[in-house]
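>>> what would the 3D arrangement of this be:
(one chain, ligands or ions: 1)
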Amino acid sequence: MMVRFSRVLERGSVFAAFLRQKDWSSKFTTVKYSSTKAEPRLHRMEYQDAVCTLNTLQTNACALEQVRRERGHPQLQLQAMRGFLERAGLVVEELDHLNIIHVTGTKGKGSTCAFTEHILRSYGFRTGFYSSPHLVEVRERIRINGKPIGKELFTKYFWQVYGRLYETKDTHGGSMPAYFRFLTILAFHVFLQEKVDLAVIEVGIGGAYDCTNIIRRPWVCGIASLGIDHTSILGDTIEKIAWQKGGIFKPGVPAFTVKQPDGPMMVLKERAKEIGCPLWVCPELEEYPADSEPLRLGLAGHHQRSNASLALQLSHSWLQRRCLPDQSIPSPADESKGVSPAAGFQPSPIMAKGLEDTEWPGRTQTLKHGPVTYFLDGAHTTRSMLACVSWFSKVASQHERTTGGPVVRVLLFNATGERDSAAMLKLLVPCHFDFAVFCPNITEAIASCNADQQNFNVSVENMLTRCLDNQRSWRLLNGQEEKPGAQLLISRDALPLVAAERCSKTLVFPCILSALQWLSQGRDSVLAHPDKRVIPVKPSVTAKAAPLRDAAGIHVLVAGSLHLVGGVLKHLDPSFAS
Ligand SMILES: Nc1ncnc2c1ncn2[C@@H]1O[C@H](COP(=O)(O)OP(=O)(O)OP(=O)(O)O)[C@@H](O)[C@H]1O
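Next up is the predicted model:
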């Protein structure tokens, strides 16, 4: 695995050397407009090359050093971003023409953006939508009219921006922007080139110093629910986090927030007052007067209701300000407090349809795959795991009632970064899983390079050790004795294998594909073909497949990491097949 990673890295630097020699404009014309029969293949290669080169920005020593330096002086981050933007040929004033809706929050910003984008697209506007992270392919982060930008367009715009930055590198101490910064600049470039009517921009981390906060004049800002995440960057209390998030407020630009606990709400109010921005608190979804039927949401789960209310306010405000510019913005009723409840207006039929038709994969998503039903949710904080458990308990019970027989429940889990896995696993105990399966966010252990899903910031060994820790936590939480059965084996060619424990209902796999194979083989070979011998993934794993034999169905909850969910979707959901 490490060998393959380093090859990709090498490929990136070889490519960079190639770039140094090439004339940019001729490269674009030959690749972009070539009409030979080989064109589709050429484009595919170019896309992969673009993604591999992009990935070098994850490990670029100069960029990492810069990030480290800026951590101590966060205000430098926006200054640096402005410099990169200019080197890429853009000026910050141009971004004013993007008619931006800027959204932050700890949980629900992606879903809120998806609802908002869908509502405004339903009105006939050409939309841009920038979000993170991606599930399967990096181009999902940049959407035009709700669809991930195509490979050809991504490739074309990627090389334009990369080329400009690369050409000016030597006069700027060799610096290139880090991964997220680069993608943010790329998104702005794409939206300007593609002449979108509006752009919905999701903050990466925090708000005040996030590189998306380079924008000066959004039409409206939104703050989804606040909680604890990214504490090493944002601070270790919800109030400190609220201060960071409130940093996206702009003078005179209306902002909306969902209801927040008292402490962070007070911080938001103070931020709004100090910046001079009218801040409104969204009503509950029930408080919107309904014409006939209650509002229906395309995204499942009770927690999506506050996101939907925020999206209604954001799109309503955008429509009013953008399309009815003569109307003055009402100020919050109590200016001294700097915040007011927003009115629950009657959503138009277009808005109602927009909410109902919104799709946002990987969040409370149900996917049937043969006899196995997957419940996928990228919850990776305790707050979102609580929401996930509540959704899963309800929806899985509904499915069980219609299955007509015993159902085996499986948890497929992984967590990354500074996340508290044990706290998340504790919340999952009441779901009564028959099996708990752990694997790292590696899609396939032995496969060709899948550049879109590579993460160079963590080693394979660390990922697997984390899985074994999770397995141990789960066993402890379930009152199972600690057994010294699990072993981490690293083979000579660096392909890691993890032995499953005997006599327990926990399993660890080296990659997502092998976990999915275990699920489908256990089921297919035993249920669909009762006479056929089970072909084991590994002997120790086959022993665990036995209870699947009697099951009328298998329900698998995939949670703990959006990247894990993405890896599963890559294998199972045809709409993600490239
Ligand atoms: N209001 C909410 N409260 C709790 N959990 C939520 C809320 N909204 C979404 N979630 C859950 O949080 C996870 C991420 O959802 P979403 O992409 O909408 O949020 P996000 O703020 O963009 O998250 P991230 O920054 O982690 O990508 C999903 O599991 C989703 O079901």
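>>> check contacts around residue 253.
217-221, 277 (CB atoms under 8 Å, 6 or more residues apart in numbering). (Glycine included, C-beta is placed from N, CA and C.)
>>> so, in contact with the ligand or not, stretch 224-234?
Yes. Interface with the ligand: stretch 224-234 contributes 224-225 (CB under 6 Å from any ligand atom).
>>> residues making contact with that stretch?
Under CB under 8 Å, 6+ apart, the answer for stretch 224-234 is 71, 103-109, 111-112, 205-206, 236, 238, 240-242, 244-245, 258, 260-261, 264, 303, 306-307, 310, 381-384, 418.
>>> now it: buried residues?
Residues of stretch 224-234 classed as buried by neighbour count (16 or more other CB atoms under 10 Å): 224-230, 234.
>>> tell me the one among these nearest to residue 184.
residue 230 (16.9 Å; CB to CB).
>>> roughly how far does the closest one sit from residue 386?
To residue 386, residue 230 is 18 Å away according to CB to CB, to the nearest Å.
>>> same question, residue 87
44 Å.
>>> which one of these two has more residues nearby?
More neighbours surround residue 87 than the other of residue 87 and residue 386, with 21 against 14 (other CB atoms under 10 Å).
>>> surely the more buried one and residue 165 touch.
Yes. Look at residue 87 against residue 165 with CB atoms under 8 Å: they come within range, at 5.4 Å.
>>> show me what contacts the residue in the stretch 451-578 of the chain that the ligand sits nearest to?
Using CB to the nearest ligand atom, the point where the stretch 451-578 of the chain gets nearest to the ligand is residue 562, with a distance of 5.9 Å. Each residue near residue 562 by CB under 8 Å, 6+ apart is listed here: 133, 135, 362, 378, 380.
>>> any idea which element the closest residue to the second one other than its chain neighbours lies in?
Leaving out its chain neighbours, the residue that sits closest to residue 135 by CB to CB, 6 or more residues apart in numbering is residue 566, at 3.3 Å. Element membership for residue 566, per DSSP states H and E: helix 562-572.
>>> ranges for the helices of the stretch 301-450 of the chain?
Secondary structure of the stretch 301-450 of the chain by DSSP state H, counting those that start in this stretch: the helices cover 304-323, 349-357, 382-403, 421-428.
>>> quick one: closest of these to the ligand.
helix 382-403 (3.5 Å).
>>> on contacts alone, who are the packing partners of the closest one?
Contact partners of helix 382-403 among helices and strands, from 3 or more CB pairs under 8 Å, 6 or more residues apart in numbering; DSSP states H and E: strand 372-376, strand 407-413, helix 421-428, strand 553-559.
>>> which one of these lies nearest to residue 511?
Closest among those, using CB to CB: strand 407-413, at 12.0 Å.
>>> run through who's touching that closest one.
396, 399-400, 424-425, 428, 431-439, 470, 474, 515, 519, 547-548, 551-560, 564, 568.
>>> roughly how far apart are residue 557 and residue 140?
23 Å.
>>> those two: who's more crowded?
Neighbours per residue (other CB under 10 Å) separate residue 557 from residue 140, with residue 557 holding more: 27 against 21.
>>> and that one, what is it in contact with?
Residue 557 neighbours (CB under 8 Å, 6+ apart): 375, 377, 388, 392, 396, 409-412, 428, 431, 433.
>>> and the spatially most central residue of the chain, what pLDDT?
By CA atoms, centre = their mean, the chain has its centre lying nearest to residue 133, at 3.3 Å. What the model reports for residue 133 is a pLDDT of 93.
>>> quick check on the contacts of stretch 224-234: which are buried?
Of the members of these, the ones counted as buried by neighbours, 16+ other CB under 10 Å, are 103-109, 111-112, 205-206, 238, 240-242, 244-245, 258, 260, 264, 303, 306-307, 310, 381-384.
>>> in stretch 472-483, what's buried?
In stretch 472-483, counting by 16+ other CB under 10 Å, buried: 472-475.
>>> let's have those in a markdown table, adding pLDDT and secondary structure.
Below are those laid out as a markdown table (pLDDT from 0 to 100; DSSP: H, G, I helix; E, B strand; the rest coil):
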| residue | pLDDT | secondary structure |
| --- | --- | --- |
| 472 | 92 | helix |
| 473 | 93 | helix |
| 474 | 93 | helix |
| 475 | 91 | helix |
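>>> so the residue nearest to the centre of the chain, which state does it fall into?
coil (DSSP: H, G, I helix; E, B strand; the rest coil).
>>> quick check: it vs the ligand, distance?
Remark: distance between residue 133 and the ligand (CB to the nearest ligand atom, to the nearest Å) = 6 Å.
>>> same deal with residue 261?
Separation of residue 261 from the ligand (CB to the nearest ligand atom): 13 Å.
>>> do residue 138 as well
In terms of CB to the nearest ligand atom, residue 138 sits 15 Å off from the ligand.
>>> isn't that residue right up against residue 52?
No. Using CB under 8 Å, residue 138 is not in contact with residue 52; the gap is 10.9 Å.
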